[in-house]
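# when you get a sec, could you give me coordinates for this:
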Amino acid sequence: MSFLENCKILVIDDDPSLRQLITLTFVSQGCQVLSAANGSEGLRVFYEQRPDLIILDIMMPELDGWTVCAQIRQLSNVPIILLTSLGSEQDIIRGLEGGAVDYVVKPFSPKVLVARAKASLRQAYQTPTPPKLTTLSDEYLTIDLVKRRVLVKNEPVKLSATEYRLLAYLVQNANQVLTTEQILENVWGLEYRESSDYVHVYISHLRRKIEADPKQPRYILTEYGIGYYFEK
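Below is the predicted model:
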């Protein structure tokens, strides 16, 4: 079954022609599409309808997409794809650090947006294959991949779906250097082979959440010029 079939998607964009294009694109994929013309309306629809995926424009009057994304992220891990004409590396990193799972730059191909939506839903909702290595524990950090539980000093750590998938992949391959390309393909999917910024941003997220000192990490280490590895 396609991850888009019967999916409820919320499109928040102040451009009516673009909202219509995105709506028609996803309706043809078997989705239910909700739309909002501004950030405030988008938040209202989100609270009422609880969509499976949100496609959110950044540059909107009054309440911009950055603010909307932050407010939604306080309440939910629903995947958010940012849709905007801002395509600099700094803007992409800001979007990912703000809680978005993906970033599509205008103008875009509807086929690309559909592919990114499928990938985002797959990452968020697909049940992972049980890993070979299931538990790591020491006096500071406990990772249980069967129970999907991470503890720091016996206190639970809340991870997004993408953060968890990344941590699980690193742990399953503990003490093995993984290239950014390997991480992208196994955590995000083949569609993201050229998106190395995603790896750097989410590694930073994980370090802030599980390391005693993110600037001097003990667990998630960098192999400069190659990638990262988890040291057990």
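# buried set for stretch 153-162?
For stretch 153-162, the neighbour count (16 or more other C-beta atoms under 10 Å) marks 157, 159-162 as buried. To be clear about C-beta, it is placed using only N, CA and C from the backbone, and glycine gets the same treatment.
# start to end distance for it?
With C-alpha to C-alpha, to the nearest Å as the measure, stretch 153-162 spans 23 Å from end to end.
# tell me where the chain is predicted with low confidence.
1-2, 126-133, 193-194 (pLDDT under 70).
# please redo it, this time with the cut-off set to 80
In the predicted model, the chain carries pLDDT under 80 at residues 1-3, 86-93, 123-134, 189-196.
# how about the strands in it?
8-12, 32-36, 53-57, 80-84, 102-105, 135-137, 141-144, 149-152, 155-156, 178-179, 220-223, 227-230 (DSSP state E).
# now do the buried residues in the fourth one.
Burial within strand 80-84, assessed by neighbour count using 16+ other C-beta under 10 Å, is assigned to 80-84.
# show me how the chain divides into domains.
Here the domain parsing of the chain from automatic domain parsing is 8-125, 135-230.
# ranking those by burial, who's on top?
Greatest average neighbour count among the domains of the chain goes to domain 8-125 (a mean of 18), per mean count of other C-beta atoms under 10 Å.
# can you tell me which residues contact the closest residue in space to Gly65 that isn't next to it in sequence?
Leaving out its chain neighbours, the residue that sits closest to Gly65 by C-beta to C-beta, 6 or more residues apart in numbering is Ile58, at 3.7 Å. By C-beta atoms under 8 Å, 6 or more residues apart in numbering, the residues touching Ile58 are 64-66, 82-84, 86, 91, 95.
# if anything else comes up later, I'll come back, but that's it for now.
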